[in-house]
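J.: pasting the sequence and the predicted coordinates here, then a few questions.
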Amino acid sequence: MQKDPLTATFAALADPTRRAILAQLISGPKTVTELAEPFDITMPAVTKHLKVLEGAHLIERSRRAQYRPCSLQPEPLRGAYEWIDQYRRLFEESFDRLDEYLRQLQAKEEDDEQQQDER
């Protein structure tokens with residue numbers, strides 16, 4: 001069964017090794033060997049991670065002679081960002097309401113103190 005793009009993106013991003021691979025690709029295309037270098041895992045394991053990223057359309061692998069450089073494809077990340085962004089706005093609105101409530105409490109407290117001082 002085919003996953004929807006957002007599910008595939010989040011599934012691919014769920015693994016820290018895959019997130020680290022994407023972070024390496026921000027600076028530009030890299031070979032599989034270059035991508036594998038910082039990890040203490042086997043080359044087949046790296047290849048499996050790359051297949052997941054490729055399946056989620058987060059990377060693209062091309063062919064240059066015997067090299068298969070990988071490059072970042074950021075478009076699926078935009079969909080994830082837009083999905084997350086709606087929740088960011090929700091939290092910001094909640095924090096804005098909390099700020100307003102705290103300001104009201106502080107103002108009431110200051111009024112109470114001022115009335116007590118006048119007595």
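T.: Cool, got the structure.

J.: strands along this structure, start to end?
T.: 59-61, 70-72 (DSSP state E).

J.: quick one: the helices in the protein?
T.: Taking DSSP state H, the helices of the chain run over residues 5-13, 16-25, 32-36, 43-55, 75-118.

J.: outline the domain layout of the protein.
T.: As assigned by automatic domain parsing, the chain contains the domains 5-73, 76-119.

J.: and the first one, end to end?
T.: What it means is domain 5-73. Using CA to CA, to the nearest Å, one end of domain 5-73 lies 13 Å from the other.

J.: give me the mean pLDDT for that domain.
T.: Taken as a whole, domain 5-73 has a mean pLDDT of 94.

J.: try the last one
T.: Regarding domain 76-119, the rounded mean pLDDT is 86.

J.: how far out from the middle of the chain is that domain?
T.: Centroid displacement of domain 76-119 relative to its chain, using CA atoms, centre = their mean, to the nearest Å, is 25 Å.

J.: the longest one now?
T.: Going by CA atoms, centre = their mean, the spacing between the C-alpha centre of domain 5-73 and its chain's C-alpha centre is 15 Å.

J.: count of neighbours near residue 55?
T.: Counted by other CB atoms under 10 Å, the residues lying close to residue 55 total 13. Bear in mind the C-beta positions are built from the backbone N, C-alpha and C, glycine included.

J.: if I pick it, what's in contact with it?
T.: By CB atoms under 8 Å, 6 or more residues apart in numbering, residue 55 lies in contact with 8, 12.

J.: what separates it from residue 48, distance-wise?
T.: 11 Å (CB to CB, to the nearest Å).

J.: sorry, back to before: which of the helices of the chain sits closest to residue 69?
T.: If you check each of the helices of the chain against residue 69 by CB to CB, helix 32-36 wins as the nearest, at 8.3 Å.

J.: and that closest one, what's buried?
T.: 32, 35, 36 (16 or more other CB atoms under 10 Å).

J.: touching stretch 34-49 from outside, list them.
T.: By CB under 8 Å, 6+ apart, stretch 34-49 touches 15, 17, 18, 20, 21, 24, 25, 32, 50, 70.

J.: would you list the buried entries among the residues you listed?
T.: By neighbour count, with 16+ other CB under 10 Å, these hold 17, 18, 21, 25, 32, 50, 70 as buried.
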